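Participant: Provided below are the primary sequence and the corresponding predicted coordinates.
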Amino acid sequence: MNRTASINDPNRFGNYGIPQLALDKIREALGDANVRIEDGATGPDCDVGITAMPASTEEVSAVVRICRQHEIPIMPQGGRTGLVGGSHLLPGEIILSTARLNRIERLDPVERVAVVGAGVTLEALQTAALENRLEPGIDLAARGSATIGGMVSTNAGGIMAFRNGVMRHRVLGLEAVLADGSIYSDLTRVVKNTAGYDLKHLFIGAEGTLGIVTRVVVKLDPVPQATATALLGLPSVDAALQTVRLALDTSAGHLRAAEAMWNGFFRLAASKNGWSEPEVPPDQPIFLLLSLGGAMEGALRDEFERIFANVLELFPDATGIVAGSKRQEDELWRLRENTDVLYRAHPNAPSFDVSVPLSEISAYLDKVLPGLAAIRPDLAPYVFGHLADGNLHIVLNCQGPLARHIAQPIEDALYSCLREMGGSFSAEHGVGSKRIHSLLAASDPTKLATMHRIKWALDGRSIMNPDKVLPRDGWCVSSPGMSVLDKKSQEASN
């Protein structure tokens, strides 16, 4: 539950280290009702703090200019669904919420393009687009809370990334406010655009550290006339990947989703959701949830029957069902999307989000799972994720947070082989504040040095979401524009 405090109570505001003069200017720019104290109780990474709620790009610019003048760091806030501490507030910082930037300004069914404010939720855009038989080509379980601006800032992925790409591939143009209050505006509505550097990509995935995204142009796709869903129980990762390949080669429609649930996660999800099905006993090593889209529902179900027949020829012990109604479809998807069951069973359970090349998934898990058990014998993590693009979510079966002496060995077990395999320690959750050390450990020194140069060029005072993605203590004070990591990169090349 949110709470508000009187804007005229300097004692309350003083507790947060924000100068009263700056607050007076901000409330003058936004109105008293749009500067308040919130408790942030709706998200795991949200703290109590002073929240400014602008309603336009110009108002965002005004707030940023005031904060820059008074050297107040800004923490942008979207739907508060992040898992890596991207919205962790430090004393003396102000929250800039995009909640009031919530207008769908344009939705053109001919262009198949939407222009939306950063505070529009994914679900709101999906609903509006569906009226024109369109969709934004990206979907995720937090659709009701996740905002388009937040999804841009974290380069969100979701269940359709293997087919449509991640958020970076859905954005045609955007508008953002830079650290000096200037407005970068490139609301391009076309796919083909080779007019100079494509600077929008600096803000996509930057987690608000280079600027605050305020408006976005999103590419839309036609919605299939019908969908069908199937759940298969399979003997191995290899069997699941071969099944995905069969589904990709379908002659009826196209594959929309391929979600994998390893046995531990599937058993917990089925139990907590009260789901059971004699044709899919919970004893298979891996379960694969597939969705097809196309012109006719009957043809899609027939195609699933054909796919399953081919799977049985290769893997006779496979099991499976095809949903016979929308209600059954929803029940199957609830198994995958209702991940709250994990955190009810293990409060604040440590979660990890990795990308692994498809050919390396088995080898990765064969190395990582015994490695975790060697650190602590009771660790049997829940594994699930977007199999068609190699994105695995790994949630530990214990209460968090982890003690420091065990957290580092666990991360080493999970991350040490990823770079060599061609994977990533962060697939879609981002870096935030929790994964900075992982970024520093896993990244090429030249990449890190380049990131620091870009940060310095756009936000040399580090007021934009500081201590997220890159640490402030990475700067070399004696040589502005050159970071400590620049020096390390130079030393490595000598």
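Facilitator: Alright, I've got the coordinates. Remember, it's a predicted structure, so these values are computed and weren't measured experimentally.
Participant: quick one: neighbours of the nearest residue to Arg215 once chain neighbours are set aside, just the number.
Facilitator: Counting by Cβ to Cβ, 6 or more residues apart in numbering, Glu175 is the residue found nearest to Arg215 once chain neighbours are left out, at 4.0 Å. Quick note: C-beta positions are derived from backbone N, CA and C, even for glycine. The number of residues packed near Glu175 is 23, by other Cβ atoms under 10 Å.
Participant: Glu175 sits in which helix or strand?
Facilitator: strand 171-177 (DSSP states H and E).
Participant: packing partners of that strand?
Facilitator: helix 57-69, strand 183-186, helix 200-203, strand 212-219 (3 or more Cβ pairs under 8 Å, 6 or more residues apart in numbering; DSSP states H and E).
Participant: Ala323 versus the residue nearest to Arg215, what's the distance?
Facilitator: Using Cβ to Cβ, to the nearest Å, Glu175 is found at 41 Å from Ala323.
Participant: same check, this time on Leu332
Facilitator: With Cβ to Cβ as the criterion, Leu332 and Ala323 are 6 Å apart.
Participant: settle it for me: which of those two has more neighbours?
Facilitator: A direct count of neighbours by other Cβ under 10 Å for Leu332 and Ala323 places Leu332 higher, at 24 against 21.
Participant: where does the more buried one land on pLDDT?
Facilitator: At Leu332, the model reports a pLDDT of 97.
Participant: mind checking the backbone torsions on it?
Facilitator: The phi/psi pair for Leu332 (degrees, to the nearest 10) reads phi -70, psi -40.
Participant: overlap of the contact sets of Leu332 and Ala323?
Facilitator: 229, 231 (Cβ atoms under 8 Å, 6 or more residues apart in numbering).
Participant: lowest average confidence, helix or strand, in the protein?
Facilitator: helix 484-493 (a mean of 46; mean pLDDT, DSSP states H and E).
Participant: now do the same end-to-end measure for stretch 384-402.
Facilitator: Start-to-end span of stretch 384-402 (Cα to Cα, to the nearest Å) is 21 Å.
Participant: quick one: the strands in the stretch 301-450 of the chain, in order.
Facilitator: 319-322, 351-355, 382-386, 391-395 (DSSP state E, counting those that start in this stretch).
Participant: please identify which of those strands is closest to Thr81.
Facilitator: Nearest to Thr81, of all the strands of the stretch 301-450 of the chain, is strand 351-355, at 12.8 Å by Cβ to Cβ.
Participant: got the angle for the closest one vs strand 382-386?
Facilitator: Inter-element angle recorded for strand 351-355 and strand 382-386: 40 degrees (by axes from the mean of the first three to the mean of the last three Cα atoms, to 10 degrees).
Participant: tilt between strand 351-355 and strand 391-395?
Facilitator: Computed by the same axes, to 10 degrees, the angle between strand 351-355 and strand 391-395 is 160 degrees.
Participant: domain map for this structure?
Facilitator: 10-97, 104-222, 226-337, 341-434, 443-493 (automatic domain parsing).
Participant: weakest of those domains by average pLDDT?
Facilitator: domain 443-493 (a mean of 74).
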